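> let's see this in three dimensions:
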Amino acid sequence: MNSVHFAPGPDGHAVVVTRVAEQQWHAVEDGRVVGRGDAAHRFDGRLFVSVDAWHGAAFDRLAAAMVADLPAPLHTVVDEADLDSTANWQRAGFRIGRREREYLVPTDPEATGLGSVRLPPGMTIVPAGEAQEGPLRALDRTIRDEVEATLGWRAMPAEVLPRPAGSTVVDPSKYVVAAESGRYVGLLRVATVPRRPRIGLIAVRADRQRRGIARAMLAQALGSLHRSGEATAWAEVDESNGPARALFGGVGAQRVGGNLELVRG
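As a prediction, the model looks like this:
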């Protein structure tokens, strides 16, 4: 463990920051812990940090110690409405790397307008729980390879991460799939969370985009949720992803918030 002592600043706070574990720091003032910092690697190698502090001086000194101890680049995520947290991280040298919008999506076909979606010729939608695991895993890997070759995973939401070969699909029963002449060309994952279902990922092979496939999969997923008694679902969309914003905007989704991913280094 190593400690960094900060002399009292203009704010009058004298804080000692100690690295108490490989990826954890404590800020102590007058014998009390007044802040904690944590770091964690995501599957794609990105290093995310967080700080929970009683006051700005403890935050600043924790952030400074973590920046000094950890290799760049560093990432963190804050609520877009939390202006104080955003300002705290910006004082530590972080900048806004991406913005993510949060949507509340109705499931009722009367509200979404998805009750009579027409499929492209030769296309079928495979409901959640009925997809064949082998072809589903192959499609997931193909789409991930396409993303890596274009946008790159660092431009993707933190939740949508590359995984080791053979484990890209955690639970096949959560996926709705679009099939064309027996070949899987699109997928949509519905995650179960305590508050409400979450549309975790919608993706279509690059050579089959702009044909209404994503809309058809969304119609299947939301319709199934509606029949099971769920009134709404949750979704997050990168602000720079125009097609995804248009897709959810076209089904009556309501923007209810957003997150900022900030980056240093």
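> just the strands in this protein please.
Assigned by DSSP state E, the chain shows strands spanning 3-5, 16-21, 24-29, 32-41, 47-53, 74-79, 95-106, 123-126, 175-180, 183-191, 198-204, 232-238, 254-264.
> parallel or antiparallel, which strands does the second one pair with?
Note on strand 16-21: by DSSP bridges, its sheet partners are strand 3-5 (antiparallel), strand 24-29 (antiparallel).
> among these, show the one with the smallest mean pLDDT.
Ranked by mean pLDDT, those bottom out at strand 3-5, with a mean of 56.
> let me have the strands of the chain in a markdown table, extended by mean neighbour count and distance to Ala216.
From N, CA and C alone the C-beta is placed, and that goes for glycine too. Converted to a markdown table, these look like this (neighbours: other Cβ atoms under 10 Å; distance: least, Cβ to Cβ, whole Å):
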| stretch | mean neighbour count | distance to Ala216 |
| --- | --- | --- |
| strand 3-5 | 13 | 56 |
| strand 16-21 | 17 | 48 |
| strand 24-29 | 21 | 46 |
| strand 32-41 | 16 | 37 |
| strand 47-53 | 18 | 35 |
| strand 74-79 | 19 | 31 |
| strand 95-106 | 18 | 16 |
| strand 123-126 | 18 | 6 |
| strand 175-180 | 23 | 6 |
| strand 183-191 | 21 | 8 |
| strand 198-204 | 21 | 10 |
| strand 232-238 | 21 | 16 |
| strand 254-264 | 17 | 22 |
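> pipe the ones you listed into TSV and attach distance to Gly212 per row.
Below are the strands of the chain laid out as TSV (distance: least, Cβ to Cβ, whole Å):
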stretch	distance to Gly212
strand 3-5	57
strand 16-21	50
strand 24-29	48
strand 32-41	38
strand 47-53	36
strand 74-79	32
strand 95-106	18
strand 123-126	9
strand 175-180	10
strand 183-191	10
strand 198-204	10
strand 232-238	18
strand 254-264	23
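> and these, which one is worst for confidence?
The lowest average pLDDT among these, as it happens, falls on strand 3-5, at a mean of 56.
> sounds good, over and out.
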